[in-house]
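Colleague: Model the structure of this input:
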Amino acid sequence: MYTNKDVVRVMIVTEMFRIEGTLHVLMGSRLTDALNSKTKDFLAVTEAKIYSLADDKLVYEPEYIAVNRDSISCIFPLEET
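Modeller: This next block holds a predicted model:
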């Protein structure tokens, strides 16, 4: 079953990577709602750019990545330019 989603441009920081991409959340929900959801262990991110924290080099550019909620150190929305 398909569920309508909103998209939020985000930056996610993990222990080893900085991920910039589009996070898909349930329509009408907030970023914190997606993070606090106990029903899903992974967050869907599309149009991702993954940078190494060690040297800030782009290491991957996948169209889709599933990010484990428990591996997130911090996450915040990016301003659209």
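
Colleague: drop to CA atoms for contacts and neighbour counts, all remaining ones
Modeller: Fine.

Colleague: Just the buried positions in the lowest-mean-pLDDT helix or strand in the chain, please.
Modeller: Least confident helix or strand of the chain, by mean pLDDT, DSSP states H and E, is helix 31-36 with a mean of 77. Neighbour-count burial for helix 31-36, with 16 or more other Cα atoms under 10 Å as criterion, is recorded at 31, 34-35.

Colleague: Can you pull out the residues in contact with it?
Modeller: 8, 25-26, 43, 69 (Cα atoms under 8 Å, 6 or more residues apart in numbering).

Colleague: what mean pLDDT does the next helix or strand after that helix have?
Modeller: Next in sequence after helix 31-36, counting helices and strands by DSSP states H and E, comes strand 42-52. Throughout strand 42-52, pLDDT has a mean value of 95.

Colleague: first to last residue in stretch 36-48, what's the distance?
Modeller: 22 Å (Cα to Cα, to the nearest Å).

Colleague: right, I mislabeled it, should have said stretch 45-61
Modeller: OK, stretch 45-61 end separation, Cα to Cα: 11 Å.

Colleague: And stretch 36-49, by the same measure?
Modeller: Stretch 36-49 has an end-to-end distance of 24 Å (Cα to Cα).

Colleague: and Phe42, bridged to which residues?
Modeller: Taking DSSP bridges, one finds Asn68 as the beta-bridge partners of Phe42.

Colleague: how close does it sit to Leu35?
Modeller: Distance from Phe42 to Leu35, by Cα to Cα: 9 Å.

Colleague: So Cys74 sits against Thr14, correct?
Modeller: Yes. Applying Cα atoms under 8 Å, one finds Cys74 in contact with Thr14, separated by 7.2 Å.

Colleague: Those two: which has the busier surroundings?
Modeller: For the pair Cys74 and Thr14, the greater number of neighbours falls to Thr14 (18 against 11), based on other Cα atoms under 10 Å.

Colleague: quick one, what contacts the more buried one?
Modeller: Applying Cα under 8 Å, 6+ apart, the residues near Thr14 are 71-74.

Colleague: now, which of those residues sits nearest Ile50?
Modeller: Ile72 (13.4 Å; Cα to Cα).

Colleague: so what's that closest one up against?
Modeller: Ile72 touches 12-15, counting by Cα under 8 Å, 6+ apart.
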